[in-house]
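Visitor: Predicted model and sequence below, questions to follow.
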Protein chains: 2
Amino acid sequence: MSGSSRPNSSAAQAATRRALLDSGADVFAEVGFHNATTREICRRANANVAAINYHFGDKTGLYSEVLAEQSRVARERFPSTDGLTANAAPAEQLRVFIRSFLQRVLSPDLHARHGRIMAREMVEPTAALDRLVSEAIRPDAERLTAIMRRLLGPKTPAATLRLCGMSVVGQILFYCHCQPVIQRLFPDQPADAARIDELAQHITGFSLAGVQNYRTPVAPRRAQR
Amino acid sequence: MSGSSRPNSSAAQAATRRALLDSGADVFAEVGFHNATTREICRRANANVAAINYHFGDKTGLYSEVLAEQSRVARERFPSTDGLTANAAPAEQLRVFIRSFLQRVLSPDLHARHGRIMAREMVEPTAALDRLVSEAIRPDAERLTAIMRRLLGPKTPAATLRLCGMSVVGQILFYCHCQPVIQRLFPDQPADAARIDELAQHITGFSLAGVQNYRTPVAPRRAQR
DNA sequence: TGACACTTCAAACAAGCGTTTCAAACTAGC
DNA sequence: GCTAGTTTGAAACGCTTGTTTGAAGTGTCA
């Protein structure tokens, strides 16, 4: 009896918090912050409706912690520099950057929760977005810009580096933001989450060729228009 | 509407309907379908709260008509083939496709409503998405695939054409879906809607170079164009 | 003018929301 | 075993939501 009954100890206290963070991540990823109901989150966590307010103050408090945790977990699980030394070839750095980015937003290991929550946060920002940008997105953006600078040369204008970086990130996030459309357009195609490596390879090759468009013509140019 | 034999006082009736369609488009674009309230839509239209239910059945009825109209207006205002003959050079076709796409989702002429509504519809689909895909998105996707086939040759695998098409669309939609992040990352930068031509030029050049990655280097073909 | 169909209006309705309340259950320290 | 402090529970609160209601207003046509 005592084995399967819910013990009310300090362990159980932490367990309620943890269950709320987990079910909250699921529900927020599924329906977004506004459409998520505290009752549904508590139901999945086998907790009372008052649990969120007791442990996190209010619904936004839970959401902030979920967002921060998902971001942290995703970056620990799939770091941008996946065991790459700082002086690796820029093409290789770009390849690793793209693959780890795709893994963070699509990987079933994380239930693709991080990607879905981020997609909703971008289309419909909450107060938590500012912190996310400064702590997670901006470092990534600067890292990508640095890779671009090494690819295109130190004299490349900042505007060009930005445009190329956005082209890379745009290609990646497309598979995260537009999944409902992709599924309807190509229902026969395997899920994108199941072919992350294939997508990473394509985006890397496409982008490496794309940025060559901006290489300064030190040598006599080919007939490339 | 089925018995339109008697057009009595149709002016005032049509005016309320029209005002609801306009204010509905604004509100849906601003906050999304779920967060939009019928009271706010009616307030902006100077109509009674019962007006939506009277003229459109319910909230989803209004939303469906708003979505269909915005899609139609955007495509009339910025057609994919902007006065281009069918046998124009594929590179030129791609350039026009990208520019008109960017205009549809970002142009202030349409108050960027179409792009914002579409972005929300993709992240959080409603029942209206299926019709939108079959009537508007799939034709565009097939047109883009055809352009890619002309760029890369008729023997190019369908999977390759798909990947390249998604790379193009991903670059475009990034500026629509991630505007809150872009604004926070580069607050000094002019709004993307004010530099559509610049973005179109970049994406076209980047993509034309990118797809060259897939050209089969079998025969020593002449540099095309 | 008066009958008629159509449209608008203020008010109310039922349902769902986040949150609060306060008693009961529980653990820990003595 | 008793008390103090913490966590949980069922119920309810106040509010907003989409929708409905029935009367009042409006213009048309015989």
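Guide: Ah, there it is.
Visitor: just the helices in chain A please.
Guide: With DSSP state H, the ranges of helices along chain A come out as A:10-35, A:38-44, A:51-56, A:59-77, A:90-106, A:113-123, A:129-132, A:138-152, A:158-177, A:179-185, A:196-211.
Visitor: Low-confidence regions, chain A specifically.
Guide: A:1-13, A:216-225 (pLDDT under 70).
Visitor: Residue ranges of each domain in it, please.
Guide: Here chain A is described, according to automatic domain parsing, as comprising the domains A:11-65, A:78-213.
Visitor: got these as CSV, with distance to DNA strand C and mean neighbour count columns?
Guide: C-beta here means a position set from N, CA and C on the backbone, and glycine is covered the same way. Output for the domains of chain A, formatted as CSV (distance: least, Cβ to the nearest atom of the strand, whole Å; neighbours: other Cβ atoms under 10 Å in any protein chain shown):
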stretch, distance to DNA strand C, mean neighbour count
domain A:11-65, 3, 17
domain A:78-213, 13, 19
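Visitor: For those domains, please prepare a markdown table with the additional fields distance to chain B.
Guide: What follows is the domains of chain A, written out as a markdown table (distance: least, Cβ to the nearest Cβ, whole Å):
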| stretch | distance to chain B |
| --- | --- |
| domain A:11-65 | 6 |
| domain A:78-213 | 3 |
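Visitor: Could you check how far residue A:37 is from residue A:128?
Guide: 19 Å (Cβ to Cβ, to the nearest Å).
Visitor: Wait, residue A:42 touches residue A:55, no?
Guide: No. Counting by Cβ atoms under 8 Å, residue A:42 stays clear of residue A:55, with 10.5 Å between them.
Visitor: Overlap of the contact sets of these two?
Guide: Counting by Cβ atoms under 8 Å, 6 or more residues apart in numbering or on different chains, the contacts common to residue A:42 and residue A:55 are residue A:20.
Visitor: quick revisit: output the domains of chain A in CSV; the columns should cover distance to residue B:59.
Guide: Shown next, in CSV, are the domains of chain A (distance: least, Cβ to Cβ, whole Å):
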stretch, distance to residue B:59
domain A:11-65, 15
domain A:78-213, 18
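Visitor: so which of these gets nearest DNA strand D?
Guide: Between DNA strand D and the domains of chain A, the shortest separation by Cβ to the nearest atom of the strand is 3.4 Å, and it involves domain A:11-65.
Visitor: For residue B:213, see how far away the closest residue to residue A:35 other than its chain neighbours is.
Guide: In space, and not counting its chain neighbours, residue A:35 is closest to residue B:34: 5.6 Å by Cβ to Cβ, 6 or more residues apart in numbering or on different chains. Between residue B:34 and residue B:213 the computed distance is 41 Å (Cβ to Cβ).
Visitor: Equivalent analysis for residue A:48, please.
Guide: Distance from residue A:48 to residue B:213, by Cβ to Cβ: 56 Å.
Visitor: Could you do residue A:197 as well?
Guide: 17 Å.
Visitor: now swap in residue A:18 and tell me
Guide: 46 Å.
Visitor: next one: residue A:199
Guide: Here the criterion is Cβ to Cβ. By it, residue A:199 lies 14 Å from residue B:213.
Visitor: for residue A:158, same thing?
Guide: 26 Å.
Visitor: what's residue A:48 sitting at in phi/psi?
Guide: phi -80, psi 160 (degrees, to the nearest 10).
Visitor: OK, contacts around it?
Guide: By Cβ under 8 Å, 6+ apart, the contact list for residue A:48 reads residue A:42.
Visitor: thought residue A:69 was touching residue A:22?
Guide: No. Judged on Cβ under 8 Å, residue A:69 makes no contact with residue A:22 at a distance of 9.7 Å.
Visitor: tell me the contacts of residue A:82?
Guide: Neighbours of residue A:82 in contact, by Cβ under 8 Å, 6+ apart: A:96, A:99, A:100.
Visitor: For it, grab phi and psi.
Guide: With angles defined as degrees, to the nearest 10, residue A:82 sits at phi -80, psi 80.
Visitor: Next one: residue A:176 relative to residue B:30, how far apart?
Guide: Distance from residue A:176 to residue B:30, by Cβ to Cβ: 23 Å.
Visitor: just the CA coordinates of stretch A:189-206, formatted as CSV?
Guide: C-alpha atoms of stretch A:189-206 as CSV (Å, rounded to 0.1, in the frame of the first residue of the first chain):
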residue,chain,number,x,y,z
GLN,A,189,7.7,12.0,-47.0
PRO,A,190,9.4,10.8,-43.7
ALA,A,191,9.2,13.2,-40.8
ASP,A,192,11.9,15.8,-40.9
ALA,A,193,12.9,14.9,-37.4
ALA,A,194,13.9,11.5,-38.7
ARG,A,195,16.3,12.9,-41.3
ILE,A,196,18.2,15.6,-39.5
ASP,A,197,21.5,14.5,-40.9
GLU,A,198,20.2,14.7,-44.4
LEU,A,199,18.8,18.1,-43.9
ALA,A,200,22.0,19.3,-42.2
GLN,A,201,24.0,18.1,-45.1
HIS,A,202,21.8,19.8,-47.7
ILE,A,203,21.6,23.1,-45.8
THR,A,204,25.4,23.1,-45.3
GLY,A,205,26.2,22.5,-48.9
PHE,A,206,23.6,24.9,-50.1
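Visitor: hmm, who's touching it?
Guide: Here stretch A:189-206 makes contact (Cβ under 8 Å, 6+ apart) with A:91, A:94-95, A:98-99, A:102-103, A:106-108, A:112, A:168, A:171-172, A:175, A:179, A:182, B:162-164, B:167, B:210-211, B:213.
Visitor: still on that earlier bit, can you add distance to DNA strand D and give the domains of chain A back as CSV?
Guide: CSV is the format used below for these (distance: least, Cβ to the nearest atom of the strand, whole Å):
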stretch, distance to DNA strand D
domain A:11-65, 3
domain A:78-213, 15
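Visitor: Residue A:136 and residue A:71 touch, don't they?
Guide: Yes. Using Cβ under 8 Å, residue A:136 is in contact with residue A:71, at 5.1 Å.
Visitor: doesn't residue A:21 make contact with residue A:66?
Guide: Yes. Assessed by Cβ under 8 Å, residue A:66 is found in contact with residue A:21 at 6.0 Å.
Visitor: List the contacts of residue A:91.
Guide: Applying Cβ under 8 Å, 6+ apart, we find residue A:91 in contact with A:151, A:204, A:208.
Visitor: can we see that at 7 Å?
Guide: Counting by Cβ atoms under 7 Å, 6 or more residues apart in numbering or on different chains, residue A:91 touches residue A:208.
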